[in-house]
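Asks: From the sequence below, what's the structure:
(2 chains)
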2 protein chains.
Amino acid sequence: MLLCDIGNTSVHFLDNTNGEYKESVVNFNPKNFKQKIYYISVNYTLSKQLEDLDNWINLELFIDKSKYYDTMGVDRIFIVEATNNSVIVDAGSAVTIDVVRDGIYEGGFIYPGKNAMKKCYTGISSALEYSFNFELNQGHLAKNSQDAISYGYLKLLASEVSSYGLPIIVTGGDAREFVKLFENATLNNRLLFEGMQKIIAQL
Amino acid sequence: MLLCDIGNTSVHFLDNTNGEYKESVVNFNPKNFKQKIYYISVNYTLSKQLEDLDNWINLELFIDKSKYYDTMGVDRIFIVEATNNSVIVDAGSAVTIDVVRDGIYEGGFIYPGKNAMKKCYTGISSALEYSFNFELNQGHLAKNSQDAISYGYLKLLASEVSSYGLPIIVTGGDAREFVKLFENATLNNRLLFEGMQKIIAQL
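Replies: Residues are numbered from 1 along each chain as shown, chains lettered A, B, ... in the order given. Next up is the predicted model:
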């Protein structure tokens, strides 16, 4: 079975034989694929092309959207679909946080990703041009500039995420750094594919 | 008595007769003042000029800097000097949070100001181009995009600031909005001048 997550810059595949791989949107031609492929897409142009290809199955059509909100990204929805009881931290260009308790989606929030936030602090003052310290001592308020911005950005997020009393799953491109913020958290970079597999199992 | 807080774009005065007023750094000539003036300055060029004028008293010289950290702004230090037991939220281009407990400075952190943070979210995606809702229901996770960024930016700050169990004082240019985040907080836009008065009383 071939699963495909189509973004605006890259296309991410999971197949039973070759595992995970990515290719650039530029090199991607869906007509080259003859087998059945289950996909989700946030890429408007490619979504239009795929509508006419019978072997490409858009899993978004099988989601009960009433559980979510109108402008919520389909990638975020599938990550949520993968779990029944957890808080999910998806750390990419934005950090999205979603809470699922006893199978019910409670809502979430959106926080800036680390590159956007670094640029944000640096834009306020060149005196705040530091990298974030993901191994910050969260038990102490800051007494230097690097810790002052790291505490502001990361400790506040860690406290909020831990406050729900649910298992924490970290996913996304920056998952390896963000997982360090929590005492007990699971890193899972296949969460979105797991959500797709769960929906396929119900078809 | 004339007090003066010198920034990079404006000069802020407090005098016993006329109250508070501001003027632009461009129009400011310290040699026009003949009376004794107590000041603090983050403006390097003006600080240099003031060193040669006997009637301008730099209050920064009377602070015990060992309580603070090297790169901490003098304006932030004087806000802290004004209080003995509180968490201070100074909401401007950055939001600085400082904690003073039983007269001891415990440290603080730096969070982006609302304009910088709005730009930050918008830079990630035009789909996140919203104003922040300072009257957000903090008790519920978000289910729309405006609440999702407002929760990320403001609820996380409100939770952290409230967690210290100390009286909350809000100051700075955006104080009127940020004070709405807390159930019990005092708005005080003269806190920095109060810090200056406290140091003058000890001279």
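Asks: So which residues of chain A form strands?
Replies: Counting by DSSP state E, one finds strands in chain A at the ranges A:2-6, A:10-15, A:19-24, A:37-41, A:56-58, A:86-91, A:94-101, A:104-112, A:168-171, A:185-187.
Asks: For chain B, see how far away the residue most central in space within chain A is.
Replies: Ranked by distance to the mean C-alpha position of chain A (C-alpha atoms, centre = their mean), the top residue is residue A:90 at 3.4 Å. Distance, residue A:90 to chain B, by C-beta to the nearest C-beta, to the nearest Å: 13 Å. No exception for glycine: its C-beta is placed from N, CA and C like everyone else's.
Asks: go on, residue A:126?
Replies: Using C-beta to the nearest C-beta, one gets 12 Å for the distance from residue A:126 to chain B.
Asks: can you pull the pLDDT of the closest residue to residue A:107 other than its chain neighbours?
Replies: Using C-beta to C-beta, 6 or more residues apart in numbering or on different chains and skipping the chain neighbours, the partner closest in space to residue A:107 is residue B:141 (3.0 Å). pLDDT for residue B:141: 98.
Asks: tell me the contacts of residue B:141?
Replies: Contact analysis of residue B:141 by C-beta atoms under 8 Å, 6 or more residues apart in numbering or on different chains lists A:99, A:106-109, B:151.
Asks: Next up, the contacts around the nearest residue to residue A:68 once chain neighbours are set aside.
Replies: Excluding the flanking residues, the one nearest residue A:68 by C-beta to C-beta, 6+ apart is residue A:77, at 5.5 Å. For residue A:77, the contacting residues are A:60, A:63, A:65, A:68, A:195, by C-beta under 8 Å, 6+ apart.
Asks: Contact partners for the residue of chain A positioned farthest from its centre?
Replies: Ranked by distance from the centre of chain A (C-alpha atoms, centre = their mean), the top residue is residue A:143, with 32.5 Å. Residues near residue A:143 by C-beta under 8 Å, 6+ apart: B:68-69, B:107.
Asks: make it 7 Å
Replies: Contact analysis of residue A:143 by C-beta atoms under 7 Å, 6 or more residues apart in numbering or on different chains lists B:69, B:107.
Asks: Just the terminal-to-terminal distance for stretch A:128-139.
Replies: 22 Å (C-alpha to C-alpha, to the nearest Å).
Asks: Check stretch A:42-62 too.
Replies: Across stretch A:42-62, the terminal residues are separated by 16 Å (C-alpha to C-alpha).
Asks: can you give me how far that stretch is from the chain middle?
Replies: Averaged C-alpha coordinates place stretch A:42-62 at 20 Å from its chain's average position (C-alpha atoms, centre = their mean, to the nearest Å).
Asks: Please report the distance of the residue nearest to residue A:107 from residue A:162.
Replies: From residue B:141 over to residue A:162 the distance is 15 Å, taken as C-beta to C-beta, to the nearest Å.
Asks: and if you look at residue A:179?
Replies: From residue A:179 to residue A:162 the distance is 13 Å (C-beta to C-beta).
Asks: cool, and residue A:11?
Replies: Residue A:11 sits at a distance of 34 Å from residue A:162 (criterion: C-beta to C-beta).
Asks: of these two, who's got more company?
Replies: Legend: neighbour count by other C-beta atoms under 10 Å in any protein chain shown for residue A:11 and residue A:162, higher for residue A:11 (21 against 17).
Asks: For that one, name its beta-bridge partners.
Replies: residue A:6, residue A:23 (DSSP bridges).
Asks: For it, which residues are in contact?
Replies: A:4, A:22-23, A:25, A:28.
Asks: now with 8 Å?
Replies: A:4-5, A:22-25, A:28.
Asks: on that earlier part again, for the strands of chain A, could you give me CSV that also reports mean pLDDT?
Replies: Converted to CSV, the strands of chain A look like this (pLDDT from 0 to 100):
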stretch, mean pLDDT
strand A:2-6, 96
strand A:10-15, 94
strand A:19-24, 92
strand A:37-41, 97
strand A:56-58, 97
strand A:86-91, 98
strand A:94-101, 97
strand A:104-112, 97
strand A:168-171, 98
strand A:185-187, 98
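Asks: any idea which of the ones you listed is most buried?
Replies: Most buried of those, by mean neighbour count (mean count of other C-beta atoms under 10 Å in any protein chain shown): strand A:86-91, with a mean of 25.
Asks: Which other helices and strands does that strand contact?
Replies: Under the contact criterion of 3 or more C-beta pairs under 8 Å, 6 or more residues apart in numbering or on different chains; DSSP states H and E, strand A:86-91 touches helix A:74-81, strand A:94-101, helix A:156-162, strand A:168-171, helix A:175-178.
Asks: Tabulate these (JSON lines), appending distance to residue B:187.
Replies: Output for the helices and strands packed on strand A:86-91, formatted as JSON lines (distance: least, C-beta to C-beta, whole Å):
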{"stretch": "helix A:74-81", "distance to residue B:187": "37"}
{"stretch": "strand A:94-101", "distance to residue B:187": "30"}
{"stretch": "helix A:156-162", "distance to residue B:187": "22"}
{"stretch": "strand A:168-171", "distance to residue B:187": "36"}
{"stretch": "helix A:175-178", "distance to residue B:187": "35"}
